[in-house]
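> Next come a sequence and a model predicted from it.
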Number of protein chains: 2
Amino acid sequence: MTSRRAFLGGAGAVAAAAVALPGTAAARPELFFGPHQAGITTPQQGSMQFAVFDATAENREDLIGLMRAWTLAAARLTAGLPADHLGTADAAPPGDSGEAIGLDPARLTLTFGFGPELFLLQGKDRFGIAAERPAALVDLPLFPGDQLETGKTGGAIAVQACADDPQVAFHAVRQLARIGAGAVSLKWTKAGFCAAPRTKGTPRNLMGFKDGTMNPDTADARAMADYVWAGKEGPAWMEGGSYLVARQIRIALQHWDQMRLGFQEQVFGRHKYSGAPLGKTDEFAPLDLDATDAEGDPLIPATAHARLGAPALNGGAQILRRSYSYSDGADFVAERWPPWRQAIEYDAGLMFMAYQKDPRSGFIRIFETMSRLDALNQFTTHVGSGIFACPPGATPGGWLGQGLLG
Amino acid sequence: MTSRRAFLGGAGAVAAAAVALPGTAAARPELFFGPHQAGITTPQQGSMQFAVFDATAENREDLIGLMRAWTLAAARLTAGLPADHLGTADAAPPGDSGEAIGLDPARLTLTFGFGPELFLLQGKDRFGIAAERPAALVDLPLFPGDQLETGKTGGAIAVQACADDPQVAFHAVRQLARIGAGAVSLKWTKAGFCAAPRTKGTPRNLMGFKDGTMNPDTADARAMADYVWAGKEGPAWMEGGSYLVARQIRIALQHWDQMRLGFQEQVFGRHKYSGAPLGKTDEFAPLDLDATDAEGDPLIPATAHARLGAPALNGGAQILRRSYSYSDGADFVAERWPPWRQAIEYDAGLMFMAYQKDPRSGFIRIFETMSRLDALNQFTTHVGSGIFACPPGATPGGWLGQGLLG
């Protein structure tokens, strides 16, 4: 009974089903189909489950089968439906693990990206797509200070599941992993949270500072075209897509908590509580990089995080950050700086997620300088890394990645 | 400025401050002071950050100082206030790390418990309280199948932070850890989530089954007195308190997802979607342990989880479960059963949290049988464990643990 009512068939039924959900004050589900994938300019949800898969498919047909199945499941899941039939006692295992039954769709979005390894792995072009690899999908360079762990780095396909409920986000990744068995295997996954301010505003990260103040305006189509969406400069299959750079950044929170407020603000180049540039009171006041104090020193220090990230110092570069804090318990760690500090500390920090038109003029351009000079580096260590080409959205009846593989 | 406005002084100001928060549709803050600690019979929040500390204090006075400072900070945090002064540029480090500024109190509760190690560590009675250790605070036996990791087991003081926002829960633990520096050091910590059903009802764990159906009714004062609150049978300082057994249970989700629905239901002894006992349709229908099927076999199998946990088979034992799912990424693991399954799998499962009047007639009584016979054990592995005596609540002007240490 349950399974029959819950399973409404293909993607065509999804929109109607979403509307037919039992009435509550819940937010409307996010639309899955469209010119761009959801989860990029979508207002940030409270939770993320990020997952990266290795591709184990042996040929292009299997990869196409995966993307078709994932597209259908993603459309259903984002509409608040089970991924597939819930199952009967003696049939195959249930088509959905069940922990989201009765939960709100919670604005779930699922965003897919292809990593360099999908195009070429150890010299093998398994899927016949090596020639289609965009120039913008570069291998990220090793930056100064990187302490990347292989288990958290690279991967063939990424899935970013975001929702206002962590159980909904985890559930979605879990269904996709099960559906993908044989074609992909889970390489790494990471849960994150982003607290919504009670009053509208920029969320704070675990350093207590606002994070995202300088983001381009997602309502500004021109800015999105200039900084976020891939255009005609690359392969046609990526037009309307975006490039994701994901970095797991561990933060020495216990160490940070011992720093004076004034020092913290010098590190960021901003006031902690208002988010305003040093010397200003408005969070969104422009950064005056030439301002000096009474001694003639820069008001915003040369090594301040905000200065080094400013578009004016990076050839106008802008990226759309959509990061989530993470807290994975605690373990014994030797901090990056000072190196003599070793203790059981939070395994916590920021899952940095940035979307951009081209990583070469986006994240790489900005972080080349930051990784060398940023005062924040005393407290942060990049331990995971990935770069992914996120294709444009699918249309009903179509599937994600069809422009590349179809 | 900010710090002056935000810091309103001692516990006396807390209640007024909570009421004065900017008006929103947010839930009212949970009360911190009272005859019992909050976070036990409080309706379950969506997120938990559980933390266990080693005691590094060298004498009773330092431990008293810790509990006084923690009581004050906990009263402020649960009311939505910073833990202490936000700080000025050149003064000491901020008294609060800042990531909860602007967030709703989110029904934060902070629940404290004392572990066996606080009373006696390696034969040393550092705080002069060894004689006050309750008989009910036993050392948990090693159960069949336990694969406990030392880093996740034991500890001197536990803090359970629950809130409807994971950032609020993490923030609270972080402030307490900083305030406690010198008297305690973090041993382990774990984040969890519990999704609230859209319609009122029992939440589901990551196995997709409802979890908590058989809980005693927290609105039934007699049941709470019988099963949850410590009474006059133990030391006076614990009267009105409760005993927490915390177990980190890793679950082989990928393995579970390959099981047929009928098998899953035989394992639990309940129907998956309704939560009803096998053969019934109502979640809250009583378990009929004598019912048989057409072949004369028990309808609820001898190894079913629900049967083995039933009060009727455990001398009437009941415990108040308040568990949270966790998802800590993925790692390479050899499953407990079948032993030949080794792969990168979710490091996910259940942070089992159970409160009770006496663990000897509660968790231990129930789990002695379950750990040997429960069919669920094929998919679950207990990797962390702790037992803690949670004293009664504090009154304004008083502090937690005063009955033991004051």
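The structure has been received and is ready for your questions.

> Output the below-cut-off pLDDT ranges for chain A.
Residues of chain A meeting the criterion pLDDT under 70: A:1-26, A:197-199, A:336-340.

> quick one, longest strand in it?
Longest strand in chain A by number of residues, with DSSP state E as the criterion: strand A:342-356.

> Next SSE downstream of it?
As assigned by DSSP states H and E, the chain's next helix or strand after strand A:342-356 is helix A:363-373.

> Now do that following helix against strand A:342-356, angle only.
Here the directions of helix A:363-373 and strand A:342-356 differ by 150 degrees (axes from the mean of the first three to the mean of the last three CA atoms, to 10 degrees).

> Sort out which residues of helix A:363-373 are buried, please.
A:Phe363, A:Ile364, A:Arg365, A:Ile366, A:Phe367, A:Met370, A:Ser371, A:Leu373 (16 or more other CB atoms under 10 Å in any protein chain shown). In short, each C-beta sits where N, CA and C put it, glycine included.

> can you map out the strands along the stretch 1-150 of chain A?
Taking DSSP state E, counting those that start in this stretch, the strands of the stretch 1-150 of chain A run over residues A:47-55, A:109-114.

> Nearest to B:Gly39 among the ones you listed would be which one?
strand A:47-55 (21.9 Å; CB to CB).

> How much space separates A:Ala79 from chain B?
Distance, A:Ala79 to chain B, by CB to the nearest CB, to the nearest Å: 14 Å.

> swap in A:Glu368?
Here A:Glu368 is placed at a distance of 29 Å from chain B (CB to the nearest CB).

> Contacts only, for A:Asp328.
By CB atoms under 8 Å, 6 or more residues apart in numbering or on different chains, the residues touching A:Asp328 are A:Lys190, A:Asp347, A:Ala348, B:Ala191, B:Asp328, B:Gly329.

> any idea which helix or strand carries it?
Counting by DSSP H and E, A:Asp328 is part of strand A:324-334.

> neighbours of the spatially closest residue to A:Ala73 that is not a sequence neighbour, just the number please.
Among residues not flanking A:Ala73 along the chain, A:Ala83 sits closest, at 4.5 Å (CB to CB, 6 or more residues apart in numbering or on different chains). Other residues lying near A:Ala83 total 25 when counted by other CB atoms under 10 Å in any protein chain shown.

> Run through the residues that contact A:Ala83.
Residues in contact with A:Ala83 (CB under 8 Å, 6+ apart) are A:Ala73, A:Arg76, A:Leu77, A:Gly95, A:Asp96, A:Gln175, A:Leu176, A:Arg178, A:Ile179.

> same thing but 6 Å
Going by CB atoms under 6 Å, 6 or more residues apart in numbering or on different chains, A:Ala83 touches A:Ala73, A:Leu77, A:Gly95, A:Asp96, A:Gln175.

> and the closest residue to the fourth one other than its chain neighbours, how many neighbours?
Among residues not flanking A:Asp96 along the chain, A:Pro82 sits closest, at 3.6 Å (CB to CB, 6+ apart). As a burial measure, A:Pro82 scores 24 neighbours (other CB under 10 Å).

> any idea how far chain B is from A:Pro82?
Computed as CB to the nearest CB, the A:Pro82 to chain B distance reads 10 Å.

> And A:Gly398, by the same measure?
According to CB to the nearest CB, A:Gly398 and chain B sit 28 Å apart.

> Spatially, what comes nearest to that residue if we skip its sequence neighbours?
Using CB to CB, 6+ apart, the closest residue to A:Gly398 is A:Thr71 (7.6 Å).

> and the stretch 1-150 of chain A, which residues reach chain B?
Neighbours of chain B within the stretch 1-150 of chain A, by CB under 6 Å from any CB of the partner chain: A:2, A:24, A:87, A:89-90, A:93-94, A:97-99, A:102-104.

> hang on, the earlier thing: so the residue nearest to A:Gly398 makes contact with A:Gln402?
No - using CB atoms under 6 Å as the test, A:Thr71 is too far from A:Gln402 to be in contact (8.6 Å).

> Between the two, tell me which one has more neighbours.
The neighbour comparison of A:Thr71 against A:Gln402 (other CB under 10 Å) goes to A:Thr71, with 23 against 17.

> Contact partners for that one?
The contact partners of A:Thr71, taken as CB under 6 Å, 6+ apart, are A:Ala394, A:Trp399, A:Leu400.

> repeat for A:Leu31
Per CB under 6 Å, 6+ apart, neighbours of A:Leu31: none.

> which residue sits closest to the residue nearest to the spatial centre of chain A, ignoring its sequence neighbours?
Nearest to the mean C-alpha position of chain A, by CA atoms, centre = their mean, lies A:Met353 at 3.8 Å. Distances taken as CB to CB, 6+ apart put A:Arg322 closest to A:Met353, at 4.7 Å, once the chain neighbours are dropped.

> A:Leu308 too?
In this structure, A:Leu308 finds its nearest non-sequential neighbour in A:Met370, 4.8 Å apart by CB to CB, 6+ apart.

> all helices of the stretch 101-250 of chain A, in order?
Along the stretch 101-250 of chain A, the stretches classed as helices by DSSP state H, counting those that start in this stretch are A:116-119, A:166-179, A:221-227.

> Tell me which residues are up against the first one.
Helix A:116-119 is touched from outside by A:Ala55, A:Ile129, A:Ala130, A:Arg133, A:Leu137, A:Asp139, A:Ala156, with contacts defined as CB under 6 Å, 6+ apart.

> Compute the distance between A:Gly115 and A:Ser242, please.
As judged by CB to CB, to the nearest Å, A:Gly115 and A:Ser242 stand 14 Å apart.

> of the two, who's got more company?
It is A:Ser242, of A:Gly115 and A:Ser242, that has more neighbours when counted by other CB under 10 Å, with 29 against 25.

> contacting residues around that one?
A:Ile40, A:Val228, A:Trp229, A:Tyr355, A:Cys390.

> Just the buried subset of those residues, written out for ChimeraX, thanks.
Command for ChimeraX that selects the buried part of the contacts of A:Ser242, burial taken from 16+ other CB under 10 Å:
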select /A:40,228,229,355,390
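
> Closest one of the contacts of A:Ser242 to A:Met259?
Checking the contacts of A:Ser242 against A:Met259 by CB to CB gives A:Tyr355 as the nearest, at 31.0 Å.

> In this structure the closest one contacts A:Gln318, no?
No - A:Tyr355 is beyond contact range of A:Gln318, at 10.7 Å (criterion: CB under 6 Å).

> Looking at the contacts of helix A:116-119, which is nearest A:Met214?
A:Leu137 (24.9 Å).

> picking that back up, need the contacts of A:Asp328 in a markdown table (columns: distance to B:Gly201).
A markdown table is the format used below for those (distance: CB to CB, whole Å):
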| residue | distance to B:Gly201 |
| --- | --- |
| A:Lys190 | 30 |
| A:Asp347 | 34 |
| A:Ala348 | 32 |
| B:Ala191 | 24 |
| B:Asp328 | 27 |
| B:Gly329 | 29 |
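
> Let me see the contact set for A:Phe332.
Neighbouring residues of A:Phe332 by CB under 6 Å, 6+ apart: A:Ile344.

> Point out the residues in the stretch 251-400 of chain A that sit beside chain B.
Neighbours of chain B within the stretch 251-400 of chain A, by CB under 6 Å from any CB: A:257-262, A:272-273, A:327-330, A:344.

> Give the ChimeraX command for selecting the buried subset of these.
Buried residues within those, by 16+ other CB under 10 Å, are selected in ChimeraX with:
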select /A:257,259,260,261,272,273,327,328,329,330,344
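
> Serialize the residues of the stretch 251-400 of chain A next to chain B to CSV and add fields for distance to A:Leu31.
Shown next, in CSV, are those (distance: CB to CB, whole Å):
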residue, distance to A:Leu31
A:Asp257, 42
A:Gln258, 46
A:Met259, 44
A:Arg260, 47
A:Leu261, 43
A:Gly262, 46
A:Lys272, 37
A:Tyr273, 37
A:Ser327, 31
A:Asp328, 32
A:Gly329, 36
A:Ala330, 40
A:Ile344, 45
